[in-house]
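Engineer: next comes the sequence, and after it the predicted model I'd like to discuss.
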Amino acid sequence: MQIDPEFEALIPPLSDDELKYLETSILDEGCRDALVVWGDILVDGHHRYEICTRHDIEFKTIQKEFASREDAKRWIIENNLGRRNLTPFQKVELALRLEEIYKEEAKKKQGERTDLKSVKKVYESDNMCQNFDTSRKNRVSKKIGEIAGVSWFQVDKVKTILQNAPEEVIEKARNGEISIHKAYKETKKKIDLEKNRTELMEKAKEVESLPETVRLVHGDFLTDYKQLGENSVDAIITDPPYVKEWLHNYEPFAKAAAYVLKPGGFLITYVGHIHIDQILDQIRQHLDYYWIACLKHAGTISAVHSRSVQCWFKPILIFQKPPRTKPKRYFNDYIQGSGKEKDAHIWQQGEEELRQIFEPFTDPGDVVLDPFMGSGTVISMAHKMGRIGIGFDIDKDNVEIVKGRLANVIG
């Protein structure tokens with residue numbers, strides 16, 4: 001018996017539990033269902049065949065005739081869609097294997113090329129889909145939707161997800177942890193982010209020079225900080241990476257911050273909740289703890305599943321280089337967030353919430369440093385408020401994006 005790789009690829013994978021259940025059943029009761037073959041090619045029963053072959057268990061086969069390989073593929077997909085407990089995403093993903101077949105059929109029927117890429121962009125809201133003429137350009141998506149049991153625009157959403165989404169988003173949609181709609185929204189954000197970043201990088205080419213009040217450095221602040229000079233910065237306002245792999249960097253970050261800060265200067269940093277104890281331990285080796293502020297999330301709250309917490313705020317830790325002095329003005333330790341602005345970086349924060357930090361801790365003319373500037377929100381705000389902004393980033397693209405962003409404010 002032959003295993004055709006193209007046919008085998010059409011079979012949705014079983015979960016570990018499903019495979020274990022199937023293997024236990026075959027070992028206890030034998031292979032009760034016959035395998036389907038086309039000539040000597042296996043078209044149905046690949047998992048059963050693998051288990052029976054491995055354990056030397058007998059199995060039966062039945063012959064099925066197909067007019068072509070395309071007909072065989074169609075049968076395999078329809079057969080699996082009909083008998084497997086698949087999520088909506090998995091159903092569409094499987095049915096999409098028939099796209100080329102349906103496209104060829106549409107070409108023959110219409111006498112013209114069916115190009116799904118020419119479908120209008122209609123996903124700004126689902127209500128727009130109702131007003132879009134689907135009579136011709138979306139026939140392939142409609143046919144795939146019919147076989148998968150979903151609408152044509154759900155099919156196109158899945159295509160967009162498969163082509164553009166991060167693998168973790170695809171897996172969540174595939175496993176039913178998130179809906180197709182939610183996965184599409186996440187993917188759309190990524191597409192828009194990449195588009196905006198590209199536009200800003202193009203805009204950066206128009207910037208011949210930056211004002212003297214702005215300095216952008218392509219480099220790693222943790223190793224390159226001495227180029228700023230000792231006691232040269234009035235305040236550090238930043239949002240370092242929250243990933244666990246970066247956690248050990250807080251001690252060298254604090255050391256570098258203590259070097260560049262002027263006596264009495266403040267380090268104000270957004271942090272994540274889970275490792276705040278370790279962050280405090282590391283930074284306090286070089287700077288004095290001053291206060292903690294709460295940034296109230298605007299809009300949707302986030303869930304920290306590892307701790308079973310519905311998270312409504314983000315901590316902002318405030319440290320100071322001795323000697324102990326007061327800020328320029330009184331500050332509120334409760335800051336109402338202005339909402340995440342993600343048009344240039346996935347970790348981008350809102351400008352207006354930064355104003356509530358700049359005003360009490362800095363004066364016009366002060367030097368404000370962001371060692372991990374990302375899309376440059378701190379640098380942009382520093383320029384708008386008459387401060388001198390210095391930004392570091394290890395990603396050269398981010399440096400160009402910040403330059404392009406500043407092109408809109410430097411004139």
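Structural biologist: That came through fine.
Engineer: residues in contact with stretch 284-301?
Structural biologist: For stretch 284-301, contacts defined as Cβ atoms under 8 Å, 6 or more residues apart in numbering pick out 251, 254-255, 257-258, 261, 266-267, 270, 280, 283, 310-322, 324, 331-340, 350, 353. The way it works is simple: take the backbone N, C-alpha and C, and place the C-beta from them, glycine included.
Engineer: now the buried members of these.
Structural biologist: Among the contacts of stretch 284-301, those classed as buried by 16 or more other Cβ atoms under 10 Å are 251, 254-255, 257-258, 261, 266-267, 270, 283, 314, 316-321, 331, 335, 337-338, 340, 350, 353.
Engineer: got the phi and psi for the spatially most central residue of the chain?
Structural biologist: Most central in the chain under Cα atoms, centre = their mean is P166, positioned 5.7 Å from the mean C-alpha point. With angles defined as degrees, to the nearest 10, P166 sits at phi -60, psi 150.
Engineer: what about it, distance to G272?
Structural biologist: 20 Å (Cβ to Cβ, to the nearest Å).
Engineer: do the same with I170
Structural biologist: Using Cβ to Cβ, we find I170 at a distance of 25 Å from G272.
Engineer: repeat for R48
Structural biologist: Separation of R48 from G272 (Cβ to Cβ): 47 Å.
Engineer: neighbour count for these two, which is higher?
Structural biologist: Legend: neighbour count by other Cβ atoms under 10 Å for R48 and G272, higher for R48 (21 against 17).
Engineer: surely the more buried one meets I26?
Structural biologist: Yes: the criterion here is Cβ atoms under 8 Å, and R48 meets it with I26 at 6.7 Å.
Engineer: before we move on, what SS does the closest residue to D333 other than its chain neighbours have?
Structural biologist: Excluding the flanking residues, the one nearest D333 by Cβ to Cβ, 6 or more residues apart in numbering is A293, at 4.3 Å. Of the three states, A293 takes strand under DSSP: H, G, I helix; E, B strand; the rest coil.
Engineer: where does the prediction get shaky in the stretch 201-350 of the chain?
Structural biologist: Counting by pLDDT under 70, the stretch 201-350 of the chain has low-confidence residues at 300, 338-350.
Engineer: go again using 80 as the cut-off
Structural biologist: Within the stretch 201-350 of the chain, the ranges that satisfy pLDDT under 80 run 208, 298-302, 338-350.
Engineer: ranges for the strands of the chain?
Structural biologist: For the chain, the strands defined by DSSP state E cover 2-3, 35-38, 41-44, 61-63, 214-218, 233-238, 261-270, 288-296, 302-304, 309-311, 313-320, 334-336, 367-370, 388-393.
Engineer: I'd guessed N80 sits against A9; true?
Structural biologist: No: using Cβ under 8 Å, N80 is not in contact with A9; the gap is 11.9 Å.
Engineer: between the two, which is the more surrounded one?
Structural biologist: Neighbour count, other Cβ under 10 Å: between N80 and A9, N80 has more, with 18 against 10.
Engineer: and that one, what pLDDT?
Structural biologist: N80 carries a pLDDT value of 86.
Engineer: for it, which residues are in contact?
Structural biologist: L10, I11, P12, L86, L94.
Engineer: could I get the residues you listed in a markdown table, plus columns for neighbour count, pLDDT and distance to D56?
Structural biologist: Shown next, in a markdown table, are these (neighbours: other Cβ atoms under 10 Å; pLDDT from 0 to 100; distance: Cβ to Cβ, whole Å):
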| residue | neighbour count | pLDDT | distance to D56 |
| --- | --- | --- | --- |
| L10 | 20 | 86 | 27 |
| I11 | 18 | 85 | 22 |
| P12 | 14 | 83 | 26 |
| L86 | 18 | 86 | 31 |
| L94 | 22 | 88 | 31 |
